[in-house]
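Asker: let's see this in three dimensions:
(chains A and B)
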Amino acid sequence: MPLPLSQLQVNHAATIMSIKAGQELRRRLAGLGLRSGIHIRVIRQSPMNGPIQIRVGNTDLIMRRHDAAHIEVCLAP
Amino acid sequence: MKRIAVLGMPNTGKSTLFNRLTGAGAHVGNWPGITVDLLSAKILLGDAMVEVIDLPGFYNLHGFSEDEAVVRHFLETQPVNLLMIVLNASQLDRQLALPLQLRDLGIPMCILLNMTDEADKLGIRIDSGKLEAALAAPVLTLSAKYGFGFEKVKSELTHQLQKHPKLQQANAAAFDQDIRIEQELDALVHQSISAPISLPASLTDRLDRVLLHPWLGLPLFFLLMFMIFQAIYGLGTPIQDGLSWMFDSIKTAWLDPAVANWPTALRSLVTEGLYNGITTVLTFLPIIAFFFLLMAVVEDSGYLSRAAFLTDALMSRLGLDGRSFVMQLMGFGCNVPAIMGTRIMRSQALRTLTMLIIPFSLCSARLQVILFVVAAVFSPRAAPVVLFSLYLASFAAAFLTAFLGRRHYRNHEPLLLELPPYRLPTWRFLGFEAYRATKQFLAGAGGFIVMGVLMVWFMTHFPFGEPAAGPHTLAGRLSAFMEPVFSPLGIDSMMSTALLFGFVAKEIVIGALAVIFSVGPDALSGVLAQRLDWVQAYSFLLFTLIYTPCLSTVAVLKQESKSWKVTAAGVLWPLGLAWVSSFAFYQLARHLT
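Answerer: Modelled structure (predicted):
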């Protein structure tokens, strides 16, 4: 079941299925290593609907939840 | 001259490497069509002088961010001999995308795998031979921070420059085609890098568990900010005061006697115009130096992006991000370095909006004026309430400005920040930022400040022979002319003349009042208490807090924004807002009491 990254829970790992964003955001994400097939994990969420912290390989990133909503992921088994 | 462009993603230690390579001699150069400051330096490599240019950190040659556009524009217009590409050795899985993209430019490359100490700790093994073969470029490993491998880098750069002695223009076609490099990247990573499958829980993770804790994070952030604030201004402000005192003493002991026989007008020009202007500039230097010293520690440590994580929930609603908030808080010490500190923000719109809200921070100079007037007019019981309400007004004015300006200065760049591991700063290069910032302040804002001080001096002293700031001087006449504007605020023309002085520096408002009422500073409290009731006093304080920031703030606003439009907005908007606030307060309070 694909779900948006913004809804992935803390400490859950997933694989990126698709990025449904404009070219601008997609290239920005690609530069940071976020593209289809990549494994990611949500490390923490900031309270009051603040940003989320995710881990891609060896890199930790923060992004806003409404940006994360454009990234569709599939829970890793 | 031969030329090397330094390229890399953010957080690769690119600046440390640049500093190590070029020393303190780097300066901000001018490049056609590029508005951001690029550091460059001329160094001797082998027997040739080489110009090294530090381009902004960027993620994607084909990206849309402002920094990416700058890098593209530079490479499109400036021929170079060599691209020096700095990669973070522990993040090669994604950073190798950069040399794969840059390869198509057709310019010789030299690839430096930096931060090998961190990669080693994580157990990451890199086969640089295979990388060299795949990228057709020399690959060297080093740690710019500790200096390992640095000599080899220098000799390789020298060797490469001898091999490629001609400046080359990048192949323009490469900028348009965004070829799919993903498969090649995956294959390259697979064959040349081996990393342990699960990384051990690091010190960074453990620190983040506390520092980014859902409920502890924010209080710890404020505590840390308070400590940094104290460290900057606790050290900087006494030095600033000491310098002022020293300059005053020099003036009375040497300057005044030296010019005693000069004509009055000329003497006044030198001692009260020129000398004051120059010393105003000089007293800012220690605070700017301390500010950049400590902010470099905060930035290098990796905490600044964490601050963005913690405060973004609030700041994003105002069209700002957490780094704006840090600078706004620092503005409570002094607006000048805080505005210069907005350099850490890469989006121009975000940066401009932040520069426009910082002047509302109740800085220590305004605090002196406020404390003096509060002590003179208000009872000891009311004083803390007054002070607290002015701090609230300071935040309210800033947030209102952000709220209104967020449409105009719309930030298109999403908040996508790396949280680098916590790192100890590179002590050796810590002073560089402070040195460069003070040098730029002297060159970029110094002249502007001296000119402004001279202008106010002229207004308050012309026609010569009149008492300074008296009713017949230009300033006195201006105040009389402006009386209909200020009387609805309960501010009379003598008080508004003092506000004109406050444009030079807020802390001289009290001294100016003493001159205008021709009393000593000790008797001034009594005069103020007699002339002002609490409504007038509060209206005056509100105006002092909000109106046009001091000349030095305006000067750095111009220096950093490089735009007269932004500078004008930074002068006129606070002036208008101050008038409206004081008017609303004064009229309301008068009708209610």
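Asker: could you find the closest non-adjacent residue to residue B:502?
Answerer: Nearest residue to residue B:502 in three dimensions, chain neighbours excluded: residue B:509, at 4.3 Å (CB to CB, 6 or more residues apart in numbering or on different chains). Placement of C-beta: from N, CA and C, glycine included.
Asker: and for residue B:378?
Answerer: Nearest non-adjacent residue to residue B:378, counting by CB to CB, 6+ apart: residue B:386, 5.5 Å away.
Asker: go ahead and confirm that neighbour touches residue B:379.
Answerer: No: contact criterion CB atoms under 8 Å: residue B:386 and residue B:379 do not qualify, at 9.8 Å.
Asker: so which elements touch the helix or strand encompassing the residue nearest to residue B:378?
Answerer: According to DSSP states H and E, residue B:386 maps onto helix B:383-405. Counting contacts by 3 or more CB pairs under 8 Å, 6 or more residues apart in numbering or on different chains; DSSP states H and E, helix B:383-405 packs against helix B:348-357, helix B:364-377, helix B:534-546, helix B:564-592.
Asker: by mean pLDDT, which helix or strand of chain A comes out lowest?
Answerer: Lowest on mean pLDDT, DSSP states H and E among the helices and strands of chain A sits helix A:23-31, with a mean of 86.
Asker: before we move on, which element is residue B:86 in?
Answerer: According to DSSP H and E, residue B:86 maps onto strand B:82-88.
Asker: in its sheet, what does that strand sit against?
Answerer: Strand B:82-88 has these partner strands in its sheet, going by DSSP bridges: strand B:2-8 (parallel), strand B:109-114 (parallel).
Asker: among those strands, which comes closest to residue B:586?
Answerer: Among the strands paired with strand B:82-88, strand B:2-8 comes nearest to residue B:586, with 56.0 Å by CB to CB.
Asker: now the strands: where do they sit in chain A?
Answerer: Along chain A, counting by DSSP state E, strands occupy A:2-4, A:13-19, A:39-45, A:52-56, A:59-63, A:71-75.
Asker: report the inter-axis angle for the fourth one versus strand A:71-75.
Answerer: What separates the directions of strand A:52-56 and strand A:71-75 is an angle of 70 degrees, with axes from the mean of the first three to the mean of the last three CA atoms, to 10 degrees.
Asker: quick one: is strand A:52-56 near chain B?
Answerer: Yes: counting by CB under 8 Å from any CB of the partner chain, chain B has neighbours in strand A:52-56: A:53, A:56.
Asker: export that strand to PDB, keeping only CA atoms.
Answerer: Provided in PDB are the C-alpha atoms of strand A:52-56 (Å, rounded to 0.1, in the frame of the first residue of the first chain):
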ATOM      1  CA  ILE A  52      10.200  15.800   9.700                       C
ATOM      2  CA  GLN A  53      13.700  14.300   9.900                       C
ATOM      3  CA  ILE A  54      14.500  11.500   7.600                       C
ATOM      4  CA  ARG A  55      17.600   9.400   6.900                       C
ATOM      5  CA  VAL A  56      18.700   8.500   3.400                       C
END
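Asker: direction included, what does it pair up with?
Answerer: If you go by DSSP bridges, strand A:52-56 pairs up with strand A:39-45 (antiparallel), strand A:59-63 (antiparallel).
Asker: do the same with the shortest one
Answerer: Looking at strand A:2-4 with DSSP bridges, its paired strands and their directions are strand A:71-75 (antiparallel).
Asker: check the offset of the strand or helix carrying residue B:189 from the chain's centre.
Answerer: Following DSSP H and E, the helix or strand that holds residue B:189 is helix B:182-192. Between the centre of helix B:182-192 and the centre of its chain there are 40 Å (CA atoms, centre = their mean, to the nearest Å).
Asker: show me which residues of it are buried.
Answerer: If you call a residue buried by 16 or more other CB atoms under 10 Å in any protein chain shown, then helix B:182-192 has these buried ones: B:185, B:188-189, B:192.
Asker: need the residues you listed in JSON lines with pLDDT, can you?
Answerer: Putting these into JSON lines (pLDDT from 0 to 100) gives the following:
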{"residue": "B:185", "pLDDT": "90"}
{"residue": "B:188", "pLDDT": "92"}
{"residue": "B:189", "pLDDT": "91"}
{"residue": "B:192", "pLDDT": "92"}
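Asker: which pair of those spans the longest distance?
Answerer: B:185 and B:192 (11.0 Å).
Asker: and the closest residue to residue A:53 other than its chain neighbours, how far from residue A:35?
Answerer: Of all residues not flanking residue A:53 in the chain, residue A:43 sits nearest, at 4.3 Å (CB to CB, 6+ apart). Distance of residue A:43 to residue A:35, given as CB to CB, to the nearest Å: 20 Å.
Asker: could you do residue B:305 as well?
Answerer: Relative to residue A:35, residue B:305 is positioned 22 Å away (CB to CB).
Asker: the more surrounded of the two?
Answerer: Remark: of residue B:305 and residue A:35, residue B:305 carries more neighbours, 22 against 19, as counted by other CB atoms under 10 Å in any protein chain shown.
Asker: these two touch, right, the more buried one and residue B:416?
Answerer: No: judged on CB under 8 Å, residue B:305 makes no contact with residue B:416 at a distance of 10.5 Å.
Asker: for the residue in the stretch 101-250 of chain B that chain A sits nearest to, what are its contacts?
Answerer: Using CB to the nearest CB, the single residue of the stretch 101-250 of chain B nearest to chain A is residue B:214, 5.0 Å away. Applying CB atoms under 8 Å, 6 or more residues apart in numbering or on different chains to residue B:214 gives the contacts A:44, A:46-47.
Asker: for the stretch 51-200 of chain B, give the residue positioned nearest to chain A.
Answerer: The nearest approach of the stretch 51-200 of chain B to chain A comes at residue B:59, 2.7 Å away (CB to the nearest CB).
Asker: I'd like to know how many residues surround the nearest residue to that residue once chain neighbours are set aside.
Answerer: Using CB to CB, 6+ apart and skipping the chain neighbours, the partner closest in space to residue B:59 is residue A:31 (2.7 Å). If you count neighbours by other CB under 10 Å, residue A:31 ends up with 24.
Asker: now residue A:8
Answerer: When neighbours are defined as other CB under 10 Å, residue A:8 has 21 of them.
Asker: measure the residue nearest to it when sequence neighbours are not counted to residue A:7 for me?
Answerer: Excluding its sequence neighbours, the residue lying closest to residue A:8 (CB to CB, 6+ apart) is residue A:42, at 5.0 Å. Note on residue A:42: its distance to residue A:7, by CB to CB, is 10 Å.
Asker: cool, residue B:215 as well?
Answerer: Per CB to CB, residue B:215 is found 23 Å from residue A:7.
Asker: quick one, which of these two is more surrounded?
Answerer: Using other CB under 10 Å as the criterion, residue B:215 and residue A:7 rank with residue A:7 on top: 12 against 8.
Asker: done for today, thanks.
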